[in-house]
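Trainee: turn this into a structure:
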Amino acid sequence: MRKWWPLVAICLGTFMLLVDVTIVTVALPAMAADLGTTLSDLQWVVDVYALALASLLLGVGSRADRIGRRKVYLAGLVVFTAASVVCAVAPNAGVLIGARAVQGLGAAGMFGTTIALLGMHYSGRERGVAFAVWGATNSVAAAAGPMVGGLLTQYLDWRWIFFVNLPVCLVAVVLTLRSVREAEGRGRQRADVLGVITFTVASGALTFGLIRAHSDGWTAPFTLGLFAAAAVALALFVVVETRHEHPVLDLSLFRRPSFTGIMISALFLQGAAFASLLFASLWMQSVLGYEPVEAGLCILPMCASAFLVSALAGRFGPWPPRVSIGGGLALIALGSAMQATLDARSSGSGIMAGLVVSGLGVGLVTPSLAAAALATVPPERGGMVGGAVNTFRQLGFALGIAVFGLIFQSRIERVLRADGGVPDPHGTAAALSGGQARSVVAGWPEDERAEMALLVREAFTSGLNAVLVVAAALGAVASLLVVATVRVPAGGAEQRKPEAGVSPHGQETRADAAL
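Mentor: As a prediction, this is how the structure comes out:
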């Protein structure tokens, strides 16, 4: 059993950081009531963590290859835990959002090294088992977050969703110190600091611009300035990466269709599968009146099906990535489409069957994604590629929250305008989207509240349906792209040899430099 302790240590950290991506979704109404937040604040509580995680993963993965993966993983655990304490005692939304950003920094230290650490500790069939267990942990963590958050919020307080990280982190630190070995660094190579900065600015400005577009308008100077900043930063990132001797992301890898297909599937996976849960949680608690645990229970079947399929994938796999990743994304698309059939009379059970199907897809995609990504590059670039996969996953989630929030509020406002009885459709839509449905209904004259409550349900379900349709489209497009581009064999991570242009020690040859 001793050989599996490194896997336990890595999976504990992975579970903790991924739970914190979605654990806040069912706690958002309680946060809104306690801290007095808007929809924009709620989006940032979720988004800033995923965005910080996505922005820094590239630099962390590449840097860990050079200074030591175990060292970076431990540092990430400590930073993550300290930030969790600040989140738990935050007196207002601003402090909470800032602490969540620091949490994302610590999470990047953990997540950016997990794939490379697993690849370093296990080989042969054991590697397949390790990635299957790690994939199951990914699937369960993301889907179990709402359930765990619901239990803690309802029976303790929303602040306990952050306090609970402390004991788990302590166990993970002890296990890592005792069982995880350090990889030999690749020397004091010049860090690509400018690459990390430009990527962070590009992704942050784009996400912020999408969040502000609806409230400020698409043509507002501030909104246009954010989009312009994102475009300039992205262009600078491309220039920096093509000229830096040791870039955080080797853009030449995108010349390989398989690598490109895997990155696209990673980008669309989190957005299509999980970004809609925030809006489903608001609908169930704010409109249907569910308690946090009830809302979490409605999402629990997704967790169970994801875990089951991930476990079976390790037992009966590996399957060709085109089958597991492409098929999994198709199931996510189908599950989202099944959920997008809600009306004013629907209850939380109306989305459960679709969540089960989406969970099956998540369980297929997650373990295969990591192994297939490693199969596209030599082993010495494992940290970079592991960071890239997880970067695209979390960036997809952050952008998904921003885009879906825009669609959600716009659709609610359109329904309210069509009704004609709401004096301020824009303001009312903003209040509903921020989880204030009950206060909106209570503010109407008593003889009109029943009619207003029905209109609120119609508007909310219409907005949620629109989000789910877009999620289904993202999953379907990603599935087709994977089938068309990915050509990695089953178990490819073990079959991959150092490619021409890269020596066994990770040094570029003249042929590679000539590219």
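Trainee: helices or strands next to the strand or helix carrying G405 in the packing?
Mentor: In the assignment (DSSP states H and E), G405 maps to helix 382-419. With contacts taken as 3 or more Cβ pairs under 8 Å, 6 or more residues apart in numbering; DSSP states H and E, helix 382-419 sits against helix 39-67, helix 93-121, helix 193-216, helix 257-274, helix 277-282, helix 352-375, helix 425-433, helix 449-485. All C-beta spots, glycine's among them, are computed from the backbone N, C-alpha and C.
Trainee: ok, which of those helices comes nearest L152?
Mentor: helix 277-282 (14.2 Å; Cβ to Cβ).
Trainee: identify the residues contacting the closest one?
Mentor: With Cβ atoms under 8 Å, 6 or more residues apart in numbering as the test, helix 277-282 has contacts from 22, 25-26, 28-29, 42-43, 46, 146, 295, 298-299, 339, 351, 401, 404-405, 408, 433, 435, 460, 463-464, 467.
Trainee: which of the residues in the helix or strand just after it are buried?
Mentor: Going down the chain from helix 277-282, the next helix or strand is helix 292-316, by DSSP H and E. For helix 292-316, burial by neighbour count (16 or more other Cβ atoms under 10 Å) applies to 292-311, 313-314.
Trainee: any idea of the mean pLDDT in helix 292-316?
Mentor: Helix 292-316 shows a mean pLDDT of 76.
Trainee: let me know the next secondary structure element after that helix.
Mentor: helix 321-339.
Trainee: packing partners for that following helix?
Mentor: Judged by 3+ Cβ pairs under 8 Å, 6+ apart, helix 321-339 is in contact with helix 257-274, helix 352-375, helix 449-485.
Trainee: can you give me how far that helix is from the chain middle?
Mentor: 17 Å (Cα atoms, centre = their mean, to the nearest Å).
Trainee: please compute how far stretch 111-119 lies from its chain's middle.
Mentor: 17 Å.
Trainee: what sits up against it?
Mentor: 6-7, 10, 13-14, 17-18, 53, 56-58, 60-61, 64-65, 69-70, 72-73, 76, 127, 130-131, 134, 180, 183, 370, 373-374, 379, 382-383, 385-387, 389-390, 394, 493.
Trainee: make it 6 Å
Mentor: With contact meaning Cβ atoms under 6 Å, 6 or more residues apart in numbering, stretch 111-119 is reached by 10, 14, 17, 57, 60-61, 64, 69, 72-73, 130, 134, 370, 374, 382-383, 386-387, 390.
Trainee: still on that earlier bit, including mean pLDDT, could the helices and strands packed on helix 382-419 go into JSON lines?
Mentor: Formatted as JSON lines, these follow (pLDDT from 0 to 100):
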{"stretch": "helix 39-67", "mean pLDDT": "73"}
{"stretch": "helix 93-121", "mean pLDDT": "83"}
{"stretch": "helix 193-216", "mean pLDDT": "79"}
{"stretch": "helix 257-274", "mean pLDDT": "85"}
{"stretch": "helix 277-282", "mean pLDDT": "83"}
{"stretch": "helix 352-375", "mean pLDDT": "83"}
{"stretch": "helix 425-433", "mean pLDDT": "67"}
{"stretch": "helix 449-485", "mean pLDDT": "88"}
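Trainee: tabulate those helices (a markdown table), appending mean neighbour count and distance to A333.
Mentor: Formatted as a markdown table, those follow (neighbours: other Cβ atoms under 10 Å; distance: least, Cβ to Cβ, whole Å):
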| stretch | mean neighbour count | distance to A333 |
| --- | --- | --- |
| helix 39-67 | 26 | 21 |
| helix 93-121 | 24 | 25 |
| helix 193-216 | 21 | 22 |
| helix 257-274 | 25 | 7 |
| helix 277-282 | 26 | 16 |
| helix 352-375 | 27 | 8 |
| helix 425-433 | 21 | 25 |
| helix 449-485 | 21 | 3 |
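Trainee: relative to S84, which of the ones you listed is closest?
Mentor: helix 93-121 (6.3 Å).
Trainee: by how many degrees do that closest one and helix 39-67 diverge?
Mentor: 30 degrees (axes from the mean of the first three to the mean of the last three Cα atoms, to 10 degrees).
Trainee: thanks a lot, catch you later.
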